[in-house]
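Student: Could you work out the structure for the sequence below:
(2 chains)
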Amino acid sequence: MTFTISRRTFLAAAALAPVTTRLAMAAGAPLRIGYSMCLTGLFAQAAPSQVNAYELWKDQVNAAGGLDIGDGQRRPVEFVSYDDQSNPANAVRIYEKLITQDKVDLLAAPWSTPIHLAIAPVLARHKFPMVGNTAASVKLREVKPGYIWFPTAVIPDKVGEELAAFMARENVKTAAVFANVLPLAQEIKTYLLPALEKNGIKLVANEDFPPDIKDMTTLISGANQSSPDAFIVLSYPSDTFLFATQAKQLNVKAPFVLSLIGPTIQAYQQAFGTGANNMVTVGHWSPNQSKWPRAKPFFDAYLAKYKEAPDALDSVLSFMSMEILAQAVATAGLDKEKLRETIASATFDTINGPVKFDGVQNTATPTSFLQIQDGSLELVWPESIKTRDFRPKTGW
Amino acid sequence: MTGKPFMIAAFAIVAGLMALVPQLGSEYWLGVAFIVAMWIALIQSWSLLSATTGYISLGHAVFYGIGAYVLVVSLDWMPVPYALALSGAAAGLLALVVGLPVLRVKGPYFVILTFGFAELVKNLVMLLETRLGQFSRMIFDAPSLEALYYAMLVLAVIATAIAAWTAQSRFGRGLAAIRENEVAAEAIGVPVTRLKLFAFVASAIIPGIVGGLLVLRTSYFAADQAFDPAVSFTIVTTAIVGGLGRVSGPLLGTLFLVILSELLWARFPQAYMMILGGLLIVFILFVPQGLAGLIRKGLGRA
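Tutor: Numbers count the residues shown, from 1 in each chain, chains lettered A, B, ... in the order given. Here you go, the predicted model:
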């Protein structure tokens, strides 16, 4: 009698064991991930594309029972975040606080190149690994490899070379180049100009403009006089919108038109409708790349949660950085040194395909270009990952 | 107890306590103390010109920015202390060169001119950096936070000492005369132009060094960030909340606002900006003497 009962009890307990342990673990102490964000100040408008991606990632992880921290254990995730007022000095203080006061388990990246670069020494000092995201500059390579990594493929020297090669392939012979004086635009221009010359593309206009430019008509109509094949506008969001408005008014006829930052934001297409059609921009992700099976589900989930499409640059990079972190933690656990070794050496499977770091840089994702085609963002360069062929711009 | 020794003792205690912060062994609190010392140094320097003469400068970020720029450029050729000295010298020189024309205008025109000048210099530096093919600059092997903190604390103490000395010197009385009635001051023989220029240059040097120290702390320089006009606005706001024309004003204003922001920025950053705006209105309308004035009144009654 006693034997049967105990056996039955044992079997029941054995059957229930995995369930109860998983529940117990998921309900256990949450894993805290800290980051600073630009809720106010200079970059405040851009910050939601990052924070939204983080929140979506958290929802998905928690819905799956928590973050896998190795050994089959899962813990629910929560964020600890502070506003850095878009100020690198504040961000430095916030990361110090997250590490030394709040004692968070993991870190997520802040917004913007300056803030990434500013906190790199803090991470090195505390030997705390962090996967970066929204930073793009040749300066990133000067950061001592160790505790920070940059998954972006928008590295200005490569963007300059690839863009010139892409333009040459599309039979561009003459080009007008306008560049915002802010760092990313100027860096790209520095590498673009010699590459254009190398590819035999003639420059008909080459002008810089200030960040708060209110009128581009003189720039555009000046270039229009020599009707170039390409308008390359190395712009930031507000001037990207200004350029599209005025290019339409002044009837820019060039078949190849690029704006640097802005066309990947959904508001751009909403504002210009068919006028945005066939605009080229910088970016290395499209939901339509079938080689990346996670790309479309990410797009759909983001759309469902926020009622707008993810920003193909910043939301994607932010989500990728969390995927990389999650996969590294599943292998290495929470030990900082093991985590660092794993991030530095493993290959990760992300919504943007495989990612692998060499030093601080992701060498697996090619530098690519996107084009808005009938309301959808398509990869049009390079050959290896393109989702559609380039289409000449025919009107506004 | 008479006012003066009491005040000196109070300042010495505050400085002594701040010097002990590194002993806490908390990098976070050291960072907070660094910011406190930074604002005290900036606001005391600003007060030297603006609170004493009534020439309200809304462009003090220009000296701070130029200091940051000079430091990051000169660091390639010289060790940190010399580069910092050069930062201060460059800011002082800039004030000397622009001082004469700028100080000719008064009231709101001076406010607008200083703000415009700061934006002009910011754009010039951005243009220059672009032409040089430098888009942003990084610093490697910056000194430790502890070293930077002591340097900042020394600046805060020097700025406060200068403010205290000015308040009771012939120089300070001359500046006060300019504030009360510049024409009358000139008529009775106050060397108005020389005093104003001297105050302007003196109020620029420390912000120049502060800018250099801050860029060492963040190890990154980009012109649009270094010349951030928010720095100028914060200086004026904190000075008003603390109390214009009193040596303890910048100290109280800084401590109050830094503590407030530490408490609020954790969870309610937008609320912080709103509260700051509200406080500014309340202080200008109802507490024109600032926190320093309130405390003095409170002590007088007691």
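
Student: can you give me the helices in the stretch 101-250 of chain B?
Tutor: Counting by DSSP state H, counting those that start in this stretch, the stretch 101-250 of chain B has helices at residues B:107-131, B:145-168, B:170-180, B:182-187, B:192-218, B:223-226, B:229-242, B:248-264.

Student: give me the number of residues near A:Pro114?
Tutor: 27 (other C-beta atoms under 10 Å in any protein chain shown). Where C-beta positions appear, they are placed from N, C-alpha and C, glycine not excepted.

Student: hmm, back to that, and the helices of the stretch 101-250 of chain B: which comes nearest chain A?
Tutor: Minimum separation from chain A across these (C-beta to the nearest C-beta) falls at helix B:192-218, 4.4 Å.

Student: Would you mind listing the buried residues in the closest one?
Tutor: B:192, B:195-218 (16 or more other C-beta atoms under 10 Å in any protein chain shown).

Student: ditto for stretch B:157-167
Tutor: Those would be B:157-160, B:162-164, B:166-167, for stretch B:157-167 by 16+ other C-beta under 10 Å.

Student: One more: stretch B:290-302?
Tutor: Residues of stretch B:290-302 classed as buried under the neighbour-count rule (16+ other C-beta under 10 Å) are B:290-293, B:296.

Student: ok, and what's touching it?
Tutor: Defining contact as C-beta atoms under 8 Å, 6 or more residues apart in numbering or on different chains, one finds that stretch B:290-302 is touched by B:239-244, B:246, B:248-249, B:252-253, B:256, B:283, B:287, B:289.

Student: wait, what's in contact with A:Asp84?
Tutor: A:Asp84 makes contacts with A:36-38, A:41, A:90-91, A:94, A:110, A:115, as judged by C-beta under 8 Å, 6+ apart.

Student: Repeat the analysis, applying 7 Å as the threshold.
Tutor: A:36-38, A:90-91, A:94, A:110, A:115 (C-beta atoms under 7 Å, 6 or more residues apart in numbering or on different chains).

Student: out of the residues you listed, which touch chain B?
Tutor: Among these, not one lies near chain B by C-beta under 7 Å from any C-beta of the partner chain.

Student: JSON lines for the residues you listed, including pLDDT and neighbour count?
Tutor: Putting these into JSON lines (pLDDT from 0 to 100; neighbours: other C-beta atoms under 10 Å in any protein chain shown) gives the following:
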{"residue": "A:Ser36", "pLDDT": "93", "neighbour count": "28"}
{"residue": "A:Met37", "pLDDT": "89", "neighbour count": "26"}
{"residue": "A:Cys38", "pLDDT": "87", "neighbour count": "27"}
{"residue": "A:Asn90", "pLDDT": "83", "neighbour count": "24"}
{"residue": "A:Ala91", "pLDDT": "90", "neighbour count": "28"}
{"residue": "A:Ile94", "pLDDT": "90", "neighbour count": "29"}
{"residue": "A:Pro110", "pLDDT": "95", "neighbour count": "32"}
{"residue": "A:Ile115", "pLDDT": "90", "neighbour count": "31"}
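
Student: Show me which residues of the stretch 1-150 of chain B are close to chain A?
Tutor: B:26-28, B:31, B:123, B:126-127, B:130, B:133, B:135-136, B:138.

Student: Kindly recompute the last result at 6 Å.
Tutor: Residues of the stretch 1-150 of chain B lying near chain A by C-beta under 6 Å from any C-beta of the partner chain: B:27-28, B:31, B:126, B:130, B:133, B:135-136, B:138.
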